[in-house]
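Trainee: Show me the folded form of this:
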Amino acid sequence: MASVNCTNELNKKGYHLQVDTNDNVTVCYLKNYSRNDGLWRTENPLINSLHVLVIQLVLILFLNHVLVFLLRPLRQPRIVADILAGVLLGPSAIGNIDVIRRTTLSFNSLLTLETIANLGLVYYMFLLGLELDFRPVIRSGKKALSIAVAGILVSVPVGWGLHYYVLRNQGHTDLKGDEQERLLKRGPLFWGISLATTNFADLARILADLKLLQSEIGRLALSAAVISDMFSGFLFMIAMAFVNFNWWLVGLTSVFIAVFIFVVRPALSWVLQNTTKKDSHNELHVCFILSWIVICGFITDACGAHSIVGAFMLGAIMPKELELKSFLVERIGNFVSSMMMPLFYLVVGLRFNVDRILYVRKKEPNGTTKFDVMVVVALAFTAKLVATSIAALINKIKLRDSLILGVLMNTKGLLALIILSSARDLKVLDQQMFAIMLIIVWGITIPVGPILAFTYKSSKRSPRFKHRNIESVGTKTSTDFRILACTHTVTNTSGMVDLIESSNPLEHSSIHLFAVNLVELTGHASAMLIVHDACKSSKHRNEAGPSNSASNAFEAYASQRENVFVQALTVVSAYDTMHEDICTLAEDKNANLVIIPFHRKSNIDDGMLEDLNPSFLSINKNVIENSPCTVCVFVDRGLAACRIFSNYDSGSISARGVRGHKVALLFLGGPDDREALAYALRMAGHSGIHLTVIRLTIPRTSTADSISLDENDKSFVEMAEIQRQKQLDNLYMDEFRLKTINNTAVRLFEDQVNSWEAIHNILRNMEGEYALCIVGRDHGRTLSFEETSIDNTDDSDELGDLGEVLVSSRFMTDTSILVIKQGAPLDERKMDNKMGHVEEQFGHTIWQPPAKKSTDNVIQTDHL
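Mentor: Reported below is the predicted structural model:
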């Protein structure tokens, strides 16, 4: 009779489940074989495991991206969408549909799915080990360490107790002795370790979305999350050895780890340093490493440990200083995280069955109620919140910030899922306990983002902040010149260092340089840079860290140069919002100038420009539009090759012993050109700078001469403003002459231009003569030729019309370009009495002439 029922169920469902008294499940399913002549000629394409795997991958990827898009406005991290996508495709939702269950998620396809998912998990653990760094733990300080340890010490026993709370009404008397011991004595340990974890990558994403990565609370939370994840990982390894307790197997695993640390690691480092040249890695190295990942996983699996232990250890012993690390992450990181890991989330979802939480079988309660589940979720969230908050209060952190830290440390992620999935494989968690713990992980992560968004928003611009620019520094006053220099890659630093030196550090006006390394937030590796910044103390400041070559170049320059002080910073953010971090830093540091590299790179051979990441253009535009201070777009065409100092590589740098360095300034008029003139005036004080200022004037047209002065005509106001700007230009130019009258290294020329062709002729005469050319971005209505030889492009939006002409000119391929945009309007009200102004009186627009304040012949001006 049993065989007849089995046959009928096989014909109806395609599988038959048989459960014995020891909770062992036997699955019988039909396996059909047919001749495979391709996808379109086979009898049933869903019989082929590869075809089904592709469908499963498409489904999980599609659903995952849809959920990420829908949950993004709710401030939900990526892991929430990942878990929900797997659960929806599992037997609790879509997977319970008969057609889906018989075709896409049939039992005969699960073996292939789990194999590929576990392979992806092994590769992911290798990448996690590759990014492992003990320096944040060593440098973290007592605050981050105490917060992380407090969360672990409380979460593990609380998880243990909650496990027994759920099982209090379930006897499990039908289990064998060893199986009952696994479930009742070893299962609680995995619950506790899961609650102790804090997902570092998703926590970084939450903080980045709210622009709190650079805040004190954000850095402290990330540092504590790194420590928590590291300790939880070690506890997980110990727990796995404890479950399969066998002195022989534990000894083999320990020997494997010891051999890797003390033998393989130094040998591997020596081989890579002596056989591999810098930037010479290729696909052969990738294939070799990928093969060894699988081999190491096989060895630890044969030793009785999990296969992820071997992969993790191989990543952990890889030399971190070599370029191989970044090369491997670049080549396989996105594929593993974007294509292979979603299959792991699908496997987790298939193991989750919501019916098993409250029922043993259909309509057969197991003793657990919905109230019990809600109590467990609430207590799991509260336990770590209270523990970390108390630890923060002991460290003299404000109550509000302490509570926020407690909320942030409840962010769960992939490590918790790996622990639960491994526990299910080891049979220390049954279906019910696995499902409840997955709900806890998902449920306590959901409120983190919304709570942080509503209670701890990023600070707004201070009303006391005053817009600053280059002019506000001057050259005679005792005011520091504060520069925010942004770099994307190491190649941006050489020319920018020379530009900083050209800015003329003075004893009474030293340069405070904030070297900002811009990094896209893509995952664990990029967010780790924030932790290194947070954990860097003064005694470790000279130690090399990951991806800090750019800051090292600025720090090396400052160590040899008087009157230059450098602070290295890292901005880790999505490209879409990176400009907000730059502008916030400029405001927080009271910067006078922000220097950003041009979005295109100069070719070494012919000097032509090559396109880089298109996101750089959007960043530059947004910084120009929103910066609270002056912005410079730097087009580097080998400025470092024309160094103005000869002893940069040895000894200290001073203004003595410098070589000639020719700089040109094209001045047409307007606020941006006047700001460029102020920068050029500061450069002129450097003994290695030979400055040439070329003032381009446009002759007055007959239209401008015959313009009507009707007070009701708007053209009167426009004409008055043009006249005002011209008087400002003349005033600044006169002051420039006075301040450089005794400087033989400064030359001033004037030339009239009435077309773009005339400007091209001037550029032709400048060919090969100057190392740097400075120009303002906008020129108001000054630059308005009737004919034009340029089109409005993205470059003109970034550089302005004249800046685009300079960059695209074939005569300037060896000259670096600096385009200046004044970030704040000048306070010109002090000059109204000198130039006159337009004002409203009794409903009429009138021109107020300049007041006569002195009969002296000396020009009285404010300092630049």
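Trainee: Could you give the number of residues near residue 418?
Mentor: 22 (other CB atoms under 10 Å). C-beta here means a position set from N, CA and C on the backbone, and glycine is covered the same way.
Trainee: That one touches residue 122, doesn't it?
Mentor: No - applying CB atoms under 8 Å as the test, residue 418 and residue 122 come out as separate, 10.8 Å apart.
Trainee: Now do the shared contacts for those two.
Mentor: residue 308 (CB atoms under 8 Å, 6 or more residues apart in numbering).
Trainee: these two touch, right, residue 811 and residue 764?
Mentor: Yes - counting by CB under 8 Å, residue 764 is a contact partner of residue 811 at 5.1 Å.
Trainee: sec struct for residue 235, please.
Mentor: helix (DSSP: H, G, I helix; E, B strand; the rest coil).
Trainee: ok, the residue nearest to it when sequence neighbours are not counted to residue 565 distance?
Mentor: Once flanking residues are discounted, residue 235 sits nearest to residue 193: 5.0 Å by CB to CB, 6 or more residues apart in numbering. Computed as CB to CB, to the nearest Å, the residue 193 to residue 565 distance reads 46 Å.
Trainee: try residue 583
Mentor: 22 Å.
Trainee: same question, residue 214
Mentor: Distance from residue 214 to residue 565, by CB to CB: 20 Å.
Trainee: Which one's more surrounded, the two?
Mentor: Neighbour count, other CB under 10 Å: between residue 214 and residue 565, residue 214 has more, with 22 against 14.
Trainee: Grab the nearest non-local neighbour of residue 294.
Mentor: Using CB to CB, 6+ apart, the closest residue to residue 294 is residue 122 (7.0 Å).
Trainee: which regions of the stretch 651-800 of the chain sit below the pLDDT cut-off?
Mentor: 651-660, 700-717, 780-796 (pLDDT under 70).
Trainee: Going along the chain, name the helices of it.
Mentor: 671-684, 702-705, 714-739, 756-765, 794-808 (DSSP state H, counting those that start in this stretch).
Trainee: just the stretch 151-300 of the chain next, same as before
Mentor: 177-181, 187-196, 200-209, 216-243, 247-259, 265-275, 283-302.
Trainee: which residues touch residue 397?
Mentor: 143, 220, 405.
Trainee: Just the element for it, please.
Mentor: Using DSSP states H and E, residue 397 sits within no helix or strand.
Trainee: separation between it and residue 726?
Mentor: For residue 397 relative to residue 726 (CB to CB), the value is 57 Å.
Trainee: picking up where we left off before, on contacts alone, who are the packing partners of the strand or helix carrying the residue nearest to residue 294?
Mentor: Residue 122 belongs to helix 107-130 when assigned by DSSP H and E. Under the contact definition 3 or more CB pairs under 8 Å, 6 or more residues apart in numbering; DSSP states H and E, helix 107-130 sits against strand 25-29, helix 49-71, helix 283-302, helix 307-317, helix 324-335, helix 341-351, helix 414-425.
Trainee: make it 6 Å
Mentor: strand 25-29, helix 49-71, helix 307-317, helix 341-351 (3 or more CB pairs under 6 Å, 6 or more residues apart in numbering; DSSP states H and E).
Trainee: For it, report the contacting residues that lie outside it.
Mentor: 15, 27, 29, 31, 49, 52-53, 293, 297, 307-308, 311-312, 314-316, 318, 325, 333, 336, 340-341, 343-344, 347 (CB atoms under 6 Å, 6 or more residues apart in numbering).
Trainee: give me the number of residues near the nearest residue to residue 300 once chain neighbours are set aside?
Mentor: Excluding its sequence neighbours, the residue lying closest to residue 300 (CB to CB, 6+ apart) is residue 310, at 3.6 Å. Counted with other CB under 10 Å, residues neighbouring residue 310 total 30.
Trainee: Which residues are in contact with residue 310?
Mentor: 296, 297, 299, 300.
Trainee: now the residues you listed as JSON lines including pLDDT?
Mentor: Output for the contacts of residue 310, formatted as JSON lines (pLDDT from 0 to 100):
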{"residue": "296", "pLDDT": "90"}
{"residue": "297", "pLDDT": "89"}
{"residue": "299", "pLDDT": "87"}
{"residue": "300", "pLDDT": "84"}
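Trainee: among these, who's most crowded?
Mentor: That'd be residue 297 among the contacts of residue 310, by other CB under 10 Å, with 27 neighbours.
Trainee: For residue 383, which residues are in contact?
Mentor: Taking CB under 6 Å, 6+ apart as the test, what residue 383 contacts is 154, 158.
Trainee: ok, now with 10 Å
Mentor: 151, 154, 155, 157, 158, 159, 161, 162, 195, 406, 410, 444 (CB atoms under 10 Å, 6 or more residues apart in numbering).
Trainee: do the same with residue 693
Mentor: Counting by CB under 10 Å, 6+ apart, residue 693 has contacts 663-667, 676-677, 680-681, 684, 733, 736-737, 740, 746-750, 774.
Trainee: again, only using 8 Å
Mentor: Here residue 693 is in contact with 664, 665, 667, 677, 680, 736, 746, 747, 748, 749 (criterion: CB under 8 Å, 6+ apart).
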